[in-house]
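Chemist: Provide a 3D model corresponding to the input given below.
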Amino acid sequence: MVEKPAALTSADLRAHHSEARQCEVRVAVGYTERFNPGVQALADHLHRVGTVRHIHIRRLGYAADRGGDPALDLATHDLDVLDALGFELELEHVVRSEHHVSALLRANHISPLVIPGTASVSLEASHLHPNKVRELEVVGDNGVLQLDYQAQTLGFLSTEHQRVALPVEKAEPLRREWEAFCNGEGSTGLAALAVAEWMTEIAVLAAA
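Modeler: All right, here's what the predicted structure looks like:
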């Protein structure tokens with residue numbers, strides 16, 4: 001089990017995985033949120049929204065925790081969740097500072113969980129906030145699924161303005177991640193790092 005993002009570039013991470021296969025070593029990158037029970041419940045209820053049109057993500061961190069780039073340190077968690085849900089991502093636009101990043105992406109549905117098509121994604125990751133926020137919304141033709149990672153709660157808001165609390169079997173995500181790892185499962189981290197790498201490259205170009 002390797003701490004995320006596991007490498008500074010996706011090329012380096014692919015090389016790590018290749019070396020691990022040659023050595024017959026199991027490798028997974030520590031993206032714990034994909035094992036959050038709220039994410040599993042979201043996957044189970046994704047059909048409720050119909051065609052997915054937009055995904056809105058807010059991952060806001062404490063101002064005191066400025067040890068890393070927000071694209072690599074924060075945003076990759078949600079990028080990995082979208083990968084787990086079966087979305088392929090393409091970066092459209094990024095606006096960022098040293099401790100804050102806002103990005104617009106295109107999400108292509110490749111999973112049987114959702115109706116095929118393309119949705120927009122807005123993602124905000126920041127080390128500039130007094131409160132920790134971990135939220136994801138999926139907006140579709142039939143309503144909105146609202147996930148709070150921290151509280152492990154999931155709600156569905158219909159187009160008729162009726163909100164339903166959906167069942168989530170709460171559990172410790174890290175424990176579930178290690179159980180999955182022992183069963184040969186886990187994130188490669190490649191999809192999340194590839195998108196985050198684009199975000200950091202754009203920042204470097206903007207500063208040049």
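Chemist: any idea how far the one residue sitting closest to the centre of the chain is from E124?
Modeler: Among the residues of the chain, D78 comes closest to the average C-alpha position under Cα atoms, centre = their mean, at 1.5 Å. Separation of D78 from E124 (Cβ to Cβ, to the nearest Å) stands at 10 Å. No exception for glycine: its C-beta is placed from N, CA and C like everyone else's.
Chemist: Show me the common contact partners of the two, please.
Modeler: Common contact partners of D78 and E124 (Cβ atoms under 8 Å, 6 or more residues apart in numbering): 57, 59.
Chemist: Where do the helices of this structure begin and end?
Modeler: 10-22, 37-45, 70, 76-84, 173-182, 190-207 (DSSP state H).
Chemist: how about those helices in JSON lines, adding distance to Q146 and mean pLDDT?
Modeler: Formatted as JSON lines, the entries for the helices of the chain read as follows, by distance: least, Cβ to Cβ, whole Å; pLDDT from 0 to 100:
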{"stretch": "helix 10-22", "distance to Q146": "31", "mean pLDDT": "92"}
{"stretch": "helix 37-45", "distance to Q146": "9", "mean pLDDT": "96"}
{"stretch": "helix 70", "distance to Q146": "23", "mean pLDDT": "91"}
{"stretch": "helix 76-84", "distance to Q146": "14", "mean pLDDT": "96"}
{"stretch": "helix 173-182", "distance to Q146": "19", "mean pLDDT": "95"}
{"stretch": "helix 190-207", "distance to Q146": "22", "mean pLDDT": "78"}
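Chemist: Can you redo those helices as CSV, where the extra columns are distance to L104?
Modeler: As requested, the helices of the chain are arranged in CSV below (distance: least, Cβ to Cβ, whole Å):
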stretch, distance to L104
helix 10-22, 20
helix 37-45, 21
helix 70, 16
helix 76-84, 13
helix 173-182, 28
helix 190-207, 11
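Chemist: Which of the helices and strands in this structure ranks last by mean pLDDT?
Modeler: Using mean pLDDT, DSSP states H and E, the weakest-scoring helix or strand in the chain turns out to be helix 190-207, at a mean of 78.
Chemist: Report how many residues lie close to the closest residue to T32 other than its chain neighbours.
Modeler: With Cβ to Cβ, 6 or more residues apart in numbering as the measure, P173 is the residue that lies nearest to T32, at 4.6 Å, once sequence neighbours are left out. For P173, the neighbour count with other Cβ atoms under 10 Å is 20.
Chemist: for the one 5 residues further on, same thing?
Modeler: Using other Cβ under 10 Å as the criterion, W178 is surrounded by 17 other residues.
Chemist: go on, H161?
Modeler: Using other Cβ under 10 Å, H161 has 7 neighbouring residues.
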